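K.L.:
Kindly return the folded structure for what I paste below:
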Amino acid sequence: MQRVNQPSYLMQRTRVAIDDTSMRQMLEFFWHVEESNPSLTVSSLRLSEKEDRKQQRNESWKSELTITNLIYSPDDAK
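P.N.:
Residues are numbered from 1 along each chain as shown. A predicted model of the protein is given here:
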């Protein structure tokens with residue numbers, strides 16, 4: 001965790017890997033993450049095709065994302 005510009009907050013990053021999913025499923029997941037808690041944001045995203053995607057008829061993606069959480073933690077609370 002690292003302290004952000006606002007000294008009363010810490011930034012916690014969590015990396016998530018999602019494999020073999022449709023673009024729609026990923027977008028719904030991203031929307032749900034940010035909608036469920038205002039302190040959560042998808043701060044980075046990397047999309048790639050599955051290796052065998054061209055052989056399949058259905059849409060299949062891999063993604064790596066970072067979810068950032070701002071946590072209230074004043075300096076004097078230590």
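K.L.:
Now do the residue positioned nearest the centre of the chain against Val16, distance only.
P.N.:
For the chain, the residue nearest the mean C-alpha position is Ile67 (3.3 Å; CA atoms, centre = their mean). From Ile67 over to Val16 the distance is 6 Å, taken as CB to CB, to the nearest Å. For glycine as for every other residue, the C-beta is placed from the backbone atoms N, C-alpha and C.
K.L.:
hey, what's the residue nearest to the centre of the chain bridged with?
P.N.:
Each beta-bridge partner of Ile67 is listed here: Thr14, Val42, as defined by DSSP bridges.
K.L.:
isn't it right next to Ser39, touching?
P.N.:
No: look at Ile67 against Ser39 with CB atoms under 8 Å: they stay out of range, at 10.4 Å.
K.L.:
Helices along the protein, start to end?
P.N.:
All helices of the chain, identified by DSSP state H, fall at 23-36.
K.L.:
remind me which residues of it are low pLDDT?
P.N.:
Low-confidence regions of the chain, defined here as pLDDT under 70, cover residues 1-6, 52-57, 76-78.
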